[in-house]
Each structure stands twice: as structure tokens, then as C-alpha cells.
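**Q** Okay, predicted coordinates and the sequence, questions at the end:
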Amino acid sequence: MSKKCLEVESLTKRFGGLTALDEISLHINEAEIIGLIGPNGSGKTTLFNCVTGFLKPDNGRIFLREVNITGREPHKIIQEGVSRTFQITRVFPELTVMENILISIRHKEESRIRSIYKKSNRDEIKKASELLEFIGIAELSDQPGGELSYGQQKLLQLASSLMQDPSVVLLDEPTAGVNPTLINKIMDRIREANEEFGTTFLIIEHNMDVIMGISHRMYVLATGKIIAEGNPEKVRSDPEVFEAYLGGD
Amino acid sequence: MKNGMNFFKKGKWLFLILIALLLLPNFLKDEPYVLHVCIIVFVYVSLAQAWNLIGGYAGQISFVNHTFFAIGAYTSTMLLIYLNLTPWIGLFVGMAIAGCVAYVLGFQILHLKGHYFAVATIAFAEIVKLLFLNWRGVGAAYGLSLPLKMPSFYYLMWSSKLPYYYIFLLVAIISTILIYTIDKSKAGMYFRSIKQDEDGAKHKGIDTRYYKLLAFVISAWICALVGTLYAQYILYICPRSCMDIMISTKCILIVLFGGLGTVAGPVLGAVILIPLAEYTRIKLGGGGQGWDYIIYGLIILVIVLYQPQGVYSILRRCKKNVQKMLRS
Amino acid sequence: MDLVYLILQVIINGILIGGVYALIAVGLSLIWGVMEIVNFAHGDYLMAAAFFSFIFWSYMGLDPLISLPLVVVIFLFIGFGTQKFVMKRLIDSPTLITIAATFALSLIIRYGFFVVFKPDYRVIRDPLLQGSLHISSISIPIAKMVTLLIAIITMILLFSFLKYTKKGRAIRATAQDREVAKSLGVNVEQIFLITWGLGIACVGIAGAMLSTFYYVFPLMGVTFVLIAFASVTLGGFGSVHGAIFGGLAIGLIQQFGGTFVSPALKDVFVFGVFILVLIFKPKGFFGKY
């Protein structure tokens, strides 16, 4: 049994009368790629927001490498090694592509007072350049982030999420609104990051072919509950999953 | 190599300007008024840089900078009057108090977004002003006159404007260098990211509250420093002059005019707008009261409607075009 | 017993002045809610309206009460103009840009009047509304009472307009979600125009009525705009009853603080409450529509 990287224990989140997450429990092992699927409104993004601390869960606990991170401030959770990207790209439009990556260093180890006069050091710049090389937009490094195409912004988000050597990366629909060629490119990058650097991923995705192709294991969420779990083949043949998608939408 | 050359060129220009500024008072011996306008320009370069940090970089629209300015002015003046303490110490006490006030206030209201932060700062500034207007201990509405001491470095008092000219020039240069340093630093990058997308910055693991407070406190320090020196120069302070919200407003207008979140913007803005306003006031004589504000209003309206990036971006574009022409 | 009368008097004063504050605040709140713009020039529109009334009185002998409809129409169009020539270009601009724009308008209006009319204080002598109503030892100035009445009528009209007419509903929809309103076929540009018109017309009424019992001078807008900010924040922006609640609350706080603590510090209480509300209840007590 490999080591657990992220563990969620009976997590519950309510909005007024609506229970968005109902006693969710799941775990992700080191160097795994986990797919998280489910119909719209099933609570996938809410789960991400709870893990990163942007929403306070009503109940339950979250462990990152056996450290309880439940209820910590968002920036502290991110600093512990949880990176995240967004469904609709969120790059800083007036920072350059390079700065967009440099900004994602692990802030835990940096002196906040010295940051007033210190520039990014050589190691950080080297690493950021390597990441830009890795996703193939190195030649754009001095352009403002806002001038990139949508697909390039998606790639930039991915690169930026890898900058801090994260324990786990949460990707929210990394391929939504992207053309098929680029989808393949993005997926290749994710797989490569996983194989080469041993990065752990939790991925929300609606494109079934894509997510089935890349995941080691999957969780299926419907109306705030986990209704199925297992490797892609098992999930694909699960009648309940079929039901949730047909009945849900 | 090419970058090095560029820097040398730029450095040479700055060096020439500095020499010119150092020599300028020699030619203004019989023009105390022009010297006074220069001093006011330096005052506003420093204050506008302070505002630029919190507003232009960190994106928090503060209308409370004049309060920090007043705290600096009042602290050193009170210490001078009651304890006969040199303003050189009063200056640091003032900065410390302004920093603490900024920290406590910022801690409470910096989580407010956009307009809300702006109106909260206005409310705080007005409260302080009203309290000072009614507080006998600090001279209430009559204000305080600084006791006249022997002109000396120790008391930061001189009978001529010349030493003040150099002091305010120094402060303007220091605050500009400070902003330049921050602009190039990691913190500068974080400030700009907070301005563009605060939640996004949090998602990068940036402690946005800490950095906003940092910008606010540094901004307050600069204002308080200038406040102390200004009181030493004018020799009279009262709530209506020192705590006039127009001081903060002018800073905002200057920064907007020059270019938000740029190092050169506040300098350009102050150098153009302050003399312009002073000139109109003189030109129109006593009846010209109010015209300077109308001109400010018109200029800002034109800027926000047609050139919200400020004048600095026009200059940059011109430079690019000239370079293109030279190349072809 | 005297204390009871005093308290009653203070409450009445608070409500009377609170009505005016509510009327000023409601226009600000409307524009804030629909456009997401805080109009820093609001107090100066108020001043301008008071000056219009004063001008009608001193040059044409029209009492402010008579010239009120004229002032309202003029300010309706001034509001249209503000949107059409200035604010229209700034939709979706960053907060700082809209603040700077309204501040610029504020400076131009305020000091425009300052240059033309000089900083002097003026009063309208012998207005139609004068004297006071006396009930035992409590006195109620008639001018203020009529002002409150007109404020109430205006609010009712505005409220009904927003609630029951098609355009009013479109305004509320736009305030809630501009994009959704657009997709439902609402002409957002037109809504913005109406919003500015109505908002400025409301402050026009307030200014005209204020001139019947208050000094008219170019810098009078400065305090009123801050009080209007406080009222709007207290009530929650973008709602009529929020503005009414905010205006009345601010009026009462001001009068109580002024009477029982110190008249010079009355606005300290207003701004103090204002900051506390911002810190602890930033959405105000009533949200958007």
C-alpha cells in the first residue's frame, strides 16, 4: 500500500438548506492521477474550494501528508503544497508570462520582509524557464499574461501550478474550451509531470475519453455523494454512474 | 551588453537631471516663490509615490494618506512645543505612530473591496479631522504655530528656503528610489497581482492581507515623514490645512495623470500638475481661487476618458515610435 | 419631564433631517446599485440644485416650492447628460477610474459655483414655508415638515416605479445581474441613462427643498456627500428602503450625539457608526432590491 498524499474524511458542506457535499471521504496516494467526475452541480468545484480553504466545511477533516489542514487560511494551505487551477482561466493579465509562473513559488520558505527589495533568484528563474520550456511557450515569456490565447493560458496555469513542487495539484477542467490538439498536449504534459516528477493530480473533467485515458483511479460524485470509485474500467461499467449521468442531466 | 548600454544612457540622463536640480537654486536667489513651488512639487512627488504604493501597486484606493501626513506634522510639532525635542526624533516618533495607526486601521478595513475600502478611509479621515478640530490640547481649529528656534540643523529650522529645498529634494528622491526598488522586487510583483486578482493571488499562496498591510504601512511612513518636514517648513499647522482630504485627492490625481503603478508616473504628474495649479492661482490673482481645482477636475476628466493609462504611457509610446523611425 | 420633551424633540429633529438624508442617499444608492459606481459628486449636485432654487428665487422671484418641478426636470436632464457624456464611456472601468471621474465632476461643479458665486453663505428670505408648529414645548419647523412630506412622496413614487413598471423591473434586474438582464433583452444602456436621471433628480429635489431652511453655499456638498455615503452603507446599497432606513438612522444618531454629547462632534458619531457597520456588516442591513 502506497502512502496517502491527500485524505478527505467525511467532509460536509451546506449552503443554506442545500447540502453540496454530504459526508465525502476519499484519498489520493502519492504519485497518483485521480479523476473526479460527476454531473453539473454535483459538488466537484465545492470540494476543491473546501480543500484549498476558500470555503469552510461544516464537518469533516482534510489531511495533507498526514497533517490536518482543515480550516486553515487559504494561502497557508496553498503554501503547504496544494496547487490549484481554475475552470475559467485565471492568469494575471498585466503580469508577464514569466512573472505569472514566478509568483507561484513556495511562499512558505521566503522572507516576507526581504521580498521588498529582493528579486526572484537565479534558481527560481531557471526553474520557471524550464517549466515554460516544458509546456512549450518559452518564447512568450515576456508577454503580458492577458495577451495569451485561451489555450496558452490553460497551459500557463498548469505550469504555474507545478512551480512550487506541490504535494498535490487540483485541476478544474484543464481541457474545457480547448481544441483537440491542445487537449492532447495538455494531457501529455500532465502524464509527463506525473511520471517524471512524481506529481500527484486530482482532476475534474467532463471529457470522458480524456479522463478515463489518464486516470489511475476515479471517483464519481453525484448530488454531493460519492457513488462510485475504482479504476476507469470499473467506473465505466458501473450502472449507477450511467444512471446518475442520464438521470442528472 | 545592450541592456548595460541602455542603463548607462538612462543613468546618464538621471545624473544630468540631478545636477540641474542641485544647481537650480543658484539661479532662483531672487525668486523665492519659484523655490517655494519647487518645494511643493517635491512634497507632492513624495506623497504621490506613497499613494502610488498602496493605490497604484496594491490597488487599494486610500483617502486617508493626508491623515498620516497630519500625524507626522502634529507629532513632531507637539514634541517640539512641549518637550523641546528635536524634530529629528519627532520625525521617527511620528512615523512610528502613523505606522501603528495604519496597521490597526488596515487590519480592520483592508479586507473591504473597492469602493467600500475607499469610503471607509474617508470616514476614518473625517473622524480624525473632527476630533482634532475640537481637541484643545492640539490647538483645536486654531492649529499650532511652531516655536521659533535658532535657525539650526538641530531644530530643522532655517531662515532661508534653500536648505528646505535640498531636504525635500532628498525625500522625493528617496521615496522614488524606494518605489523603484519595490517595483522591481518580488513584493512589487505580489502587490500587482493583488491589484489584478486578489483571490487569484491567494490561490498562489500569497498572504494578501500581509502584503496589503505592508504597502499601507510603508505608505503611511512616507506620508508622516513628509508631514514632519512640511510642518517645519510652513511653521504653522491646523486641521483645515493638514487634514484636508484634497491632499490625498491631489495625490490620486497626480498618480492617475502620470501613470498608475509606474515609478515615473507620480514624478511626471507632480512636476506638471503642481506648477500648473500654482501658475493659474497666481495668474488669476485673488479672484482665481478655485480655478486650480477646476483645472485639476478638467484634466482628470480628460485623462480618465481618453488616456486612463496616464501620460507616462504616451511618452513610452512616443519613444517606441521614434525608435522605430530611427531603425527604418 | 423636561427630558422626555427633549428626547421627543431630538427624535423629531432626527426624523426631519433624516428624511432629507434619505432622499439624498436614495439617488446615490440607486446609481451605486445599478452601475456599481459611487458618485463622489453627489453632494455637489445637491449644492447645484440648492443654487438653482436660489437663482430662481433671487432673479425671478419664484419660491423654491414653486420652482421645484422646474428644478426636478432640469436635474433629470443633468443626470441624463452625466451618463451620456461622461459615465457611458466608463462602464466596466476599474473602480479607481470611476471614482476619479466622479471626483473630477465634483471639483468642476463645486469650484465652478465657487468661482461664479464666491464662497459666501446665502439664505432665501421670506420663503412660503416659514414659522414652526408648536405642540406644547416641542417645535416643528414647517419647512422641514413639508420637506419630509415631499421626501416621503418621492420615495413612494420611486418605489412604485421600481416595483410595478416594466422599466422599473428592468432596472432591478440590471442591478442584480447585468449580464443576465442583457441576455433577457433589457436595453442596459437605456437603463443606465434612466438610473442616472432618476438618481440626480432625487438629489435635485433634496437640494431644492434644503434651500428653504439651510444656507446655500458652494462647499455645502462636502458634508452631505459623506453623510449620504454613511446612509447608503448603513442601509445597504441599491435599495430604496435601505436608503430610508440609513437616512433616518443617520439623522437620529447625529441629533442624539449632537444634543447629548457635543454639537461639534455630532458627525463623529455618524462616521463612527459608518466605519463599524463597514467592518462588521459590510453589506448593510438591507441588500440589493
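**A** Received, thanks. Numbers count the residues shown, from 1 in each chain, chains lettered A, B, ... in the order given.
**Q** What residue in the stretch 201-328 of chain B comes nearest to chain C?
**A** Of all residues in the stretch 201-328 of chain B, B:Gly297 sits closest to chain C, at 3.4 Å by CB to the nearest CB. In short, each C-beta sits where N, CA and C put it, glycine included.
**Q** same for the helix or strand where that residue lies, what does it pack against?
**A** Using DSSP states H and E, B:Gly297 sits within helix B:291-306. Contacts defined by 3 or more CB pairs under 8 Å, 6 or more residues apart in numbering or on different chains; DSSP states H and E place helix B:291-306 against helix B:245-258, helix B:264-283, helix C:95-117.
**Q** per-residue confidence at residue 106?
**A** Assuming you mean chain A. Listed pLDDT for A:Arg106 reads 86.
**Q** oops, I was thinking of chain B
**A** pLDDT, B:Gly106: 93.
**Q** what mean pLDDT does the helix holding B:Gly297 have?
**A** 88.
**Q** List the contacts of the helix or strand immediately after it in the chain.
**A** Under the assignment DSSP H and E, the closest C-terminal helix or strand after helix B:291-306 is helix B:311-327. With CB atoms under 8 Å, 6 or more residues apart in numbering or on different chains as the test, helix B:311-327 has contacts from B:257-259, B:262, B:264-265, B:268-269, B:272, B:303, B:307.
**Q** helix or strand for B:Ser160, which one?
**A** Going by DSSP H and E, B:Ser160 is not in any helix or strand.
**Q** quick one: buried residues of the helix holding B:Gly297?
**A** Neighbour-count burial for helix B:291-306, with 16 or more other CB atoms under 10 Å in any protein chain shown as criterion, is recorded at B:291-297, B:299-301, B:303-305.
**Q** In chain A, which helix is the longest?
**A** Secondary structure assigned by DSSP state H gives helix A:180-197 as the longest helix of chain A.
**Q** Residue ranges in chain C under the pLDDT threshold?
**A** Scanning chain C for pLDDT under 70 picks out the ranges C:1, C:286-289.
**Q** what about the helices in chain A?
**A** Secondary structure of chain A by DSSP H: the helices cover A:44-51, A:74-81, A:97-102, A:122-135, A:150-162, A:180-197, A:208-214, A:232-236, A:239-248.
**Q** Could you tell me the model confidence score at B:Ala120?
**A** 90.
**Q** can you tell me if the host helix or strand of it touches chain C.
**A** Assigned by DSSP H and E, B:Ala120 belongs to helix B:115-134. Yes: applying CB under 8 Å from any CB of the partner chain, one finds helix B:115-134 in contact with chain C at B:115-116, B:118-120, B:122-124, B:126-127, B:130-131, B:133-134.
**Q** Centre of the chain to that helix, how far?
**A** Centroid separation for helix B:115-134 versus its chain: 19 Å, with CA atoms, centre = their mean, to the nearest Å.
**Q** For that helix, C-alpha coordinates in PDB please.
**A** Output in PDB follows, covering the C-alpha atoms of helix B:115-134 (Å, rounded to 0.1, in the frame of the first residue of the first chain):
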ATOM      1  CA  HIS B 115     -15.500  51.400  -3.100                       C
ATOM      2  CA  TYR B 116     -16.000  50.100   0.400                       C
ATOM      3  CA  PHE B 117     -12.400  50.500   1.400                       C
ATOM      4  CA  ALA B 118     -12.300  53.900  -0.200                       C
ATOM      5  CA  VAL B 119     -15.400  55.200   1.700                       C
ATOM      6  CA  ALA B 120     -14.100  53.600   5.000                       C
ATOM      7  CA  THR B 121     -10.900  55.500   4.700                       C
ATOM      8  CA  ILE B 122     -12.800  58.700   4.100                       C
ATOM      9  CA  ALA B 123     -14.900  58.100   7.200                       C
ATOM     10  CA  PHE B 124     -11.800  57.500   9.300                       C
ATOM     11  CA  ALA B 125     -10.000  60.600   8.000                       C
ATOM     12  CA  GLU B 126     -13.100  62.700   8.700                       C
ATOM     13  CA  ILE B 127     -13.400  61.400  12.300                       C
ATOM     14  CA  VAL B 128      -9.700  62.200  13.000                       C
ATOM     15  CA  LYS B 129     -10.200  65.700  11.500                       C
ATOM     16  CA  LEU B 130     -13.300  66.400  13.500                       C
ATOM     17  CA  LEU B 131     -11.600  65.200  16.700                       C
ATOM     18  CA  PHE B 132      -8.600  67.400  16.100                       C
ATOM     19  CA  LEU B 133     -10.900  70.400  15.200                       C
ATOM     20  CA  ASN B 134     -12.300  70.100  18.700                       C
END
